[in-house]
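K.L.:
sequence plus the predicted model coming up.
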Amino acid sequence: MKVDVVDLYQKDLIGKEVLLQGWIRNHRKQKEFGFINFHDGTFFKPVQLIYRNDNENFEKIQKLRIGSAVEIEGVVIVSEGKGQEFEVEIKNFKLKGDCPEDYPIQPKRHSREFMREVAHLRPRTNLYQAAFRVRSVAAMAIHKYFQERRYVYVHTPIITGNDGEGAGEMFKVTTLDIENSKVHDFSKDFFGKKANLTVTGQLHAEAFALAYKRVYTFGPTFRAEKSHTKIHASEFWMIEPEVAFCDLDEIMDIEEDMLKFIVKYILKEAKVEIEFLDKFVEKGLLEKLEKLVTSNSVRIKYKEAINILLTSREKFEIQPKMGDDLATEHEKYLTEKHFKSPVFVYDWPKDIKAFYMRLNEDDTVAAVDLLVPGAGELIGGSQREERIDVLKKRMAEMNIDKEELEWYLRLRNYGGCVHSGYGMGFERFLIYVTGIENIRDVIPFPRTPGNCEF
């Protein structure tokens, strides 16, 4: 019977004849027998195949090379060796896809820098098998969380004429001859106006939240920011819920509940992968995640956070200053040393936050960042400004084009209400939950400044 490797681990198949299809990870040959490390992608752990010199295909099997795709007929037997409870004794085989001797993924330790150069092959290694399995499980958990709570999944545009963050760091989308012309008339372009790749689905999600009450987006976003850090990419995915009749306190409740749900789901559904990452990537990862699920978050205002930093005896490289953003070292101090728990920092200075955040009476905005131990800022959200006159004033102060966002402004006139939302960078979350510190290693085919390979 045809089975997957995962079936061998989840069912009692000792003594059964099985048909396996997959790839050779390693091949150890000896005169009287041989061992093949076999993997088919259905389970993190491989299965050991064994063959002996009394097999009529012994010499042919010995010629099988690492990386080859094979179909194996064999019997599941109790393993005589250490490290596995069972193995499969090969009776017959078919070579489905040969692999040359210069196959780049040999059974040895490869640097992550090298693996990025062969990104089309790196899912065949343990580290990336674990990383991208966790990515898949986490994506499923996100949908499960929101769907079970009656959120509507909204597919917001990837091509847009709006700058949702007001930062201007957007990729232009055009069919004009930009290589041979210095002057561009965008009225003659494909869309008849300037168009860009989106930096956020938030503004469109707000429109749907005022019809469905609870919505979320989960898709790719783009930033034309020439940043070469370990946590920045030009293309990444965002989770962005928007909730009507919801204030800042309620949205913090949702952030914490969602985060705990996703982490708990990963610990259950990707247990083997997390154990591997805990052992080989970040010591204490499992304990960190388990603690997050059971911990209670602290909620403090921005001013209180700055005062805690200023009165601490910690020697920071960047001195905390009222009115400035928090540096990574400040976030780590608050979460790992002072509170030793996740921390919500809310009511931020308006000058360092986006135009759509609700203005408070003290010139702060109802914005919130969720900081977590081991990662710092993980989620950013706010209560949205529902007062059209205040929103217009804020847009004028920040030189946001009101004409381009007229439709967004009018939402306030057509049954507008208190509403809130947040965004969580999916890859930032994956860095936290896998312990893999570089964003390039949790995206299948990363897009970063100067890099658009594959």
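P.N.:
Received the coordinates, thanks. None of the values given here were measured: they were computed from a predicted structure. Numbers count the residues shown, from 1 in each chain.

K.L.:
only C-alpha atoms for contact and neighbour calcs from this point on.
P.N.:
Noted.

K.L.:
pLDDT weak spots in the stretch 201-350 of the chain?
P.N.:
Nowhere does the stretch 201-350 of the chain drop to pLDDT under 70.

K.L.:
next, the spatially closest residue to residue 270 that is not a sequence neighbour: secondary structure please.
P.N.:
Take residue 270 and drop its neighbours on the chain: the residue closest to it by Cα to Cα, 6 or more residues apart in numbering is residue 134, 6.2 Å away. When classified by DSSP: H, G, I helix; E, B strand; the rest coil, residue 134 comes out as helix.

K.L.:
now do the same contact list for residue 134.
P.N.:
266, 270, 273, 430, 434 (Cα atoms under 8 Å, 6 or more residues apart in numbering).

K.L.:
so which of these is the closest to residue 64?
P.N.:
residue 273 (28.3 Å; Cα to Cα).

K.L.:
I'd say that closest one and residue 130 touch.
P.N.:
Yes - counting by Cα atoms under 8 Å, residue 273 does reach residue 130; the two are 5.0 Å apart.

K.L.:
got any residues that touch both of the two?
P.N.:
With Cα under 8 Å, 6+ apart, residue 273 and residue 130 have common neighbours residue 44.

K.L.:
what pLDDT does the model give the closest residue to residue 192 other than its chain neighbours?
P.N.:
With Cα to Cα, 6+ apart as the criterion, residue 192 has its nearest non-adjacent residue at 6.0 Å, and that residue is residue 186. The model reports residue 186 with a pLDDT of 84.

K.L.:
if I look at residue 186, how far off is residue 108?
P.N.:
53 Å (Cα to Cα, to the nearest Å).

K.L.:
which of those two has more neighbours?
P.N.:
residue 186 (15 against 8; other Cα atoms under 10 Å).

K.L.:
ok, now which ones touch that one?
P.N.:
176, 192, 193, 194.

K.L.:
swap the cut-off to 6 Å and go again
P.N.:
By Cα atoms under 6 Å, 6 or more residues apart in numbering, the contact list for residue 186 reads 192, 193, 194.

K.L.:
buried ones in stretch 326-339?
P.N.:
Residues of stretch 326-339 classed as buried by neighbour count (16 or more other Cα atoms under 10 Å): 326, 330, 331, 332, 333, 334, 335, 336.

K.L.:
same deal with stretch 28-36?
P.N.:
34, 35, 36.

K.L.:
so where does the second one fall, helix or strand?
P.N.:
Remark: residue 35 resides in strand 33-39, with elements defined by DSSP states H and E.

K.L.:
average pLDDT across that strand?
P.N.:
Rounded mean pLDDT across strand 33-39 is 96.

K.L.:
mean confidence for the helix or strand just after that strand?
P.N.:
Using DSSP H and E, the helix or strand that directly follows strand 33-39 along the chain is strand 47-52. Strand 47-52 shows an average pLDDT of 96 in the prediction.

K.L.:
can you list contacts of strand 47-52?
P.N.:
32, 33, 34, 35, 36, 37, 38, 87, 88, 89, 90.

K.L.:
report the buried residues of the helix or strand just after that strand.
P.N.:
Next helix or strand after strand 47-52 toward the C-terminus (DSSP H and E): helix 58-62. Neighbour-count burial for helix 58-62 flags 58, 61, 62 (criterion: 16+ other Cα under 10 Å).

K.L.:
check stretch 380-391 too.
P.N.:
380, 381, 382, 383, 384, 385, 386, 387, 388, 391.

K.L.:
return the subset of those lying in helices.
P.N.:
Residues of the buried residues of stretch 380-391 located in helices (DSSP state H): 388, 391.

K.L.:
got the buried residues of stretch 380-391 as CSV, with pLDDT columns?
P.N.:
What follows is the buried residues of stretch 380-391, written out as CSV (pLDDT from 0 to 100):
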residue, pLDDT
380, 96
381, 97
382, 98
383, 98
384, 98
385, 97
386, 97
387, 96
388, 96
391, 96
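
K.L.:
what separates stretch 185-202 from the chain centre, distance-wise?
P.N.:
Between the centre of stretch 185-202 and the centre of its chain there are 27 Å (Cα atoms, centre = their mean, to the nearest Å).

K.L.:
endpoints of that stretch, how far apart?
P.N.:
29 Å.

K.L.:
and for stretch 188-204?
P.N.:
First residue to last in stretch 188-204 (Cα to Cα) measures 26 Å.

K.L.:
ok, and what's touching stretch 220-230?
P.N.:
169-171, 198-200, 234-237, 438-439, 449.

K.L.:
name the nearest of those relative to residue 409.
P.N.:
residue 200 (17.0 Å).

K.L.:
from residue 170, how far out is the closest one?
P.N.:
11 Å.

K.L.:
compare those two (neighbour count), which wins?
P.N.:
residue 200 (27 against 22).

K.L.:
which residues touch that one?
P.N.:
Residue 200 neighbours (Cα under 6 Å, 6+ apart): residue 221.

K.L.:
torsion angles phi and psi at it?
P.N.:
phi -170, psi 150 (degrees, to the nearest 10).
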